[in-house]
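> I'll drop the sequence and a predicted model, then ask my questions.
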2 protein chains.
Amino acid sequence: MSGAKMDGSLTKIGPKPNPKISDVARVAGVSTATVSRVLSQPDMVSAKTRDSVLAAVAETGYRINLAARNLRRRQSGGIVVLVPHLSNPFFSQILSGIARVASEAGLNVLVADTREPEGADRQIADYLFNHRADGLIVLDGNLPERMFKGAHNGRDRPPVIFACEWVEGHDEPAVTIDNRHGAALAVEHLIALGHRRIGHIMGPRDNILTRQRADGVRDALSAAGLEADERWFLDGDFTLASGIAAAPHWLALNERPTAVFCSSDAMACGFMSELNRHGVQVPGDVSVVGFDDIEISEHFIPALTTIRQPRGAIGEVAAGMLLDLMRGQDKNGKPAGSGSRTLPIELIVRGSTAAPNPSRT
Amino acid sequence: MSGAKMDGSLTKIGPKPNPKISDVARVAGVSTATVSRVLSQPDMVSAKTRDSVLAAVAETGYRINLAARNLRRRQSGGIVVLVPHLSNPFFSQILSGIARVASEAGLNVLVADTREPEGADRQIADYLFNHRADGLIVLDGNLPERMFKGAHNGRDRPPVIFACEWVEGHDEPAVTIDNRHGAALAVEHLIALGHRRIGHIMGPRDNILTRQRADGVRDALSAAGLEADERWFLDGDFTLASGIAAAPHWLALNERPTAVFCSSDAMACGFMSELNRHGVQVPGDVSVVGFDDIEISEHFIPALTTIRQPRGAIGEVAAGMLLDLMRGQDKNGKPAGSGSRTLPIELIVRGSTAAPNPSRT
DNA sequence: ACTCTCAATGTAATCGATTACAAATACCGT
DNA sequence: ACGGTATTTGTAATCGATTACATTGAGAGT
């Protein structure tokens, strides 16, 4: 309507409408273009004007309308994070790292659980091609490959970053740790303590991390001239329940390893609990090392020796790389820094590992 | 605009632009208004037209641009969930329930951790008043009260629903369980097993749930004519660590309770672990009941008897109520079904409880 | 003094969908 | 057959910010 002419004052009854950019412009005595520039490219505006605009912003209590900005900029203002299991505590700190970086950049973070029966395919495609996400961080390495096969319907999809896990055979950049090295570190620690018979509880066979960590175990063993007995490589799936399930298998071995490296902390905790129930002492009878350093590990009884992944940093770096990609793709065609990053890990020694008990060796 | 006249075809080089509503309209031979109506109020359109529009949608691969819709509708298309600790596994299923309902309604779900040092105040206010959320679900009962004190700066804020916890003295609708009754159920179970000396590990003193559950414990005890010895009410804060910390206090009691009801599963697990380390058997020497039925409880050793909260349902109901509020508020001024809901709980009996050992009674 | 360049700002088109209002059409009863 | 009501569809204004392009003014160079 003619709102600009007569500054309507008795048309609306409810709470006062939010100020818009034109209100700020009027108060500051400049055009809306200038206000917009102050807000998104401050260097382009003279200091004097900038100050008066900022004052007007403060005075009016102006808050930008993101829907309008996103519409004009042809973006969605959000990124989506694809997580295998939202309930897995391993991911929460990664998410928090992502959220920190993203919200600083004014982006929303949407989280989708790829293992939800519902969502999965349909919902992910929805995010990818429905203008709902400007970028994607994938924490699940077992997604159907087709999701990432270039364009979809002739339209292109937003940039993707993998973190922790990744889908093999793709050149999307990834933020990872050196899993092979981490596993080797864990096993080297056990060897240094004097262990000679070392077992390994693995993740799911089809998982990329499982294979890399198992390789790391073999690296360390063979470097020490020790045998990698395949009967000591027990199956698991990273969950606590699978750690519990592995315990009877370990107990059934006729020559038991004196130490076990578990490919996740959750499995290590389950394994230890179940051993404990059978009267097997950790670390007295068997040393246990985990992987991840999830929150509970430090508080577990005994506190778990483990390989710490810098989860917050992983999230931050992944989000940062994604932002770069998004900005790069906006301006040019497809440049921006692609290329993966590997973050450092750390062996955290706690109470669950000790020298092997000589009386039982 | 003259855009309709010459259908530019060689200006853009990149991937083909997303079809918009006008493209669909052209293909279907109708106006954009009709297409819009088919998509959001199908009943208003004749069956014939509707079919041809839907066909055109399929043909063009049209996907709605949410930024445009949100701008026009003056909404953000998202709801925010305020969680005390994102890493607490208790919340993940609630979130998943919320996400299920919300995404069905085409709404984004943003999750904010209220205990993050950064975000908290600033970020929440940002969500509330920056057009970033059309509604709010609060899972944290210890938020500064001022956040919810009516309007802010003369502008009003989106509707709020509490779930699980709530801020006292507010009439915002809430989705809860009957905590007092739940605690009573747990204690009644112990009494039925023959226990007479029953202890309680509590949550944080200032938490509303803590008080209600403690009251429930007293209810059940006094109903059975038992004494509620305040020395047997130990402090905790719902976390696993605090369960561990409570164990030595229990051990130090000169006349120990034969059963302990913990106000959260996490505390129960920590408590049991620590007892186990001191050679105290559960349930042989002491029975333990938890509250929540988090994922780990079923797998713990021993499996934990607990009060199950319907977490998925809590999330779904909360989201549903919020949707109602949002729609109601849109149309009229402030009607819509306000009023809270209480969801049913359930006692899950597992291995951590048994009759008291007569030799030690 | 005069032209040229560069910085700062303004004007107005634009992003894509929704919806108030108008127009057209169909259906009814008398 | 005609006014009247209900149903379906179209026209065009609108949501609020961004940005291509135009304009203005100031300083530099000769």
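Structure received. Numbering: from 1, shown residues only, chains lettered A, B, ... in the order given.

> tell me the domain ranges of chain A?
Chain A resolves into domains spanning A:1-64, A:78-172+A:312-343, A:179-309+A:347-360 when parsed by automatic domain parsing.

> same question for the longest one, mean pLDDT?
What it means is domain A:179-309+A:347-360. What domain A:179-309+A:347-360 shows for mean pLDDT is 93.

> Now find how far off-centre it is within its chain.
Put simply, domain A:179-309+A:347-360 sits 24 Å off its chain's centre (Cα atoms, centre = their mean, to the nearest Å).

> Ok, the first one next?
Going by Cα atoms, centre = their mean, the spacing between the C-alpha centre of domain A:1-64 and its chain's C-alpha centre is 39 Å.

> Within range of chain B, give me the residues from the stretch 251-361 of chain A.
For the stretch 251-361 of chain A, the residues in contact with chain B (Cβ under 8 Å from any Cβ of the partner chain) are A:270, A:273, A:274, A:276, A:277, A:295, A:296, A:299, A:300, A:301, A:302, A:333. Where C-beta positions appear, they are placed from N, C-alpha and C, glycine not excepted.

> picking that back up, out of the domains of chain A, nearest to residue B:24?
domain A:78-172+A:312-343 (14.8 Å; Cβ to Cβ).

> Now look at that closest one and say if it contacts DNA strand D.
No: Domain A:78-172+A:312-343 lies out of reach of DNA strand D by Cβ under 7 Å from any atom of the strand, never closer than 8.6 Å.

> rewinding a little: let me have the residues of the stretch 251-361 of chain A next to chain B in TSV, extended by neighbour count and secondary structure.
Below are those laid out as TSV (neighbours: other Cβ atoms under 10 Å in any protein chain shown; DSSP: H, G, I helix; E, B strand; the rest coil):
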residue	neighbour count	secondary structure
A:270	27	helix
A:273	25	helix
A:274	21	helix
A:276	18	helix
A:277	13	helix
A:295	20	helix
A:296	24	helix
A:299	20	helix
A:300	25	coil
A:301	22	coil
A:302	20	coil
A:333	9	coil
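
> The residues you listed: which two are farthest apart?
A:277 and A:333 (60.0 Å).

> Surely residue A:317 touches residue A:341?
Yes: contact criterion Cβ atoms under 8 Å: residue A:317 and residue A:341 qualify, at 5.9 Å.

> residues shared between the contacts of those two?
residue A:175 (Cβ atoms under 8 Å, 6 or more residues apart in numbering or on different chains).

> Look up phi and psi at residue A:323.
Backbone torsions for residue A:323, taken as degrees, to the nearest 10, come to phi -60, psi -40.

> Quick one: residues contacting it.
A:101, A:102, A:105, A:107, A:135.

> Out of those residues, list just those in helices.
Among the contacts of residue A:323, the members falling in helices (DSSP state H) are A:101, A:102.

> For the most centrally placed residue in chain A, give its distance to residue A:294.
Centroid-nearest residue in chain A: residue A:94, 3.9 Å away (criterion: Cα atoms, centre = their mean). Distance of residue A:94 to residue A:294, given as Cβ to Cβ, to the nearest Å: 11 Å.

> Kindly report the same for residue A:269.
The spacing between residue A:269 and residue A:294, counted by Cβ to Cβ, is 9 Å.

> and if you look at residue A:342?
To residue A:294, residue A:342 is 21 Å away according to Cβ to Cβ.

> Of those two, which one has the most company?
A direct count of neighbours by other Cβ atoms under 10 Å in any protein chain shown for residue A:342 and residue A:294 places residue A:294 higher, at 26 against 12.

> surely that one meets residue A:265?
Yes: the criterion here is Cβ under 8 Å, and residue A:294 meets it with residue A:265 at 4.6 Å.

> Contacts made by whichever helix or strand residue A:180 is part of with the rest, please.
Using DSSP states H and E, residue A:180 maps to helix A:179-192. Contacts to helix A:179-192, defined as Cβ under 8 Å, 6+ apart, come from residues A:198, A:209, A:212-217, A:219-221, A:223-224, A:226, A:259, A:261, A:263, A:287, A:289, A:291, A:305-307, A:309, A:345, A:347, A:349, A:353.

> List only buried entries from these.
Buried members of these, scored by 16 or more other Cβ atoms under 10 Å in any protein chain shown, are A:198, A:209, A:212-214, A:216-217, A:219-221, A:226, A:259, A:261, A:263, A:287, A:289, A:291, A:305-307, A:309, A:345, A:353.

> Residue A:87 touches residue B:91, doesn't it?
No: counting by Cβ under 8 Å, residue A:87 stays clear of residue B:91, with 9.2 Å between them.

> Those two - which one has more neighbours?
Per other Cβ under 10 Å, whichever of residue A:87 and residue B:91 has more neighbours is residue B:91, with 27 against 18.

> roughly how far apart are that one and residue A:89?
11 Å.

> what do you get for residue A:81?
Residue A:81 sits 15 Å away from residue A:89, going by Cβ to Cβ.

> more crowded one of the two?
residue A:81 (29 against 21).

> For the stretch 151-300 of chain A, which segments are assigned as strands?
Taking DSSP state E, counting those that start in this stretch as the criterion, the stretch 151-300 of chain A carries its strands at A:160-163, A:174-177, A:198-201, A:233-234, A:259-262, A:287-292.

> want to throw those into TSV with distance to DNA strand C?
TSV is the format used below for these (distance: least, Cβ to the nearest atom of the strand, whole Å):
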stretch	distance to DNA strand C
strand A:160-163	22
strand A:174-177	31
strand A:198-201	51
strand A:233-234	53
strand A:259-262	50
strand A:287-292	43
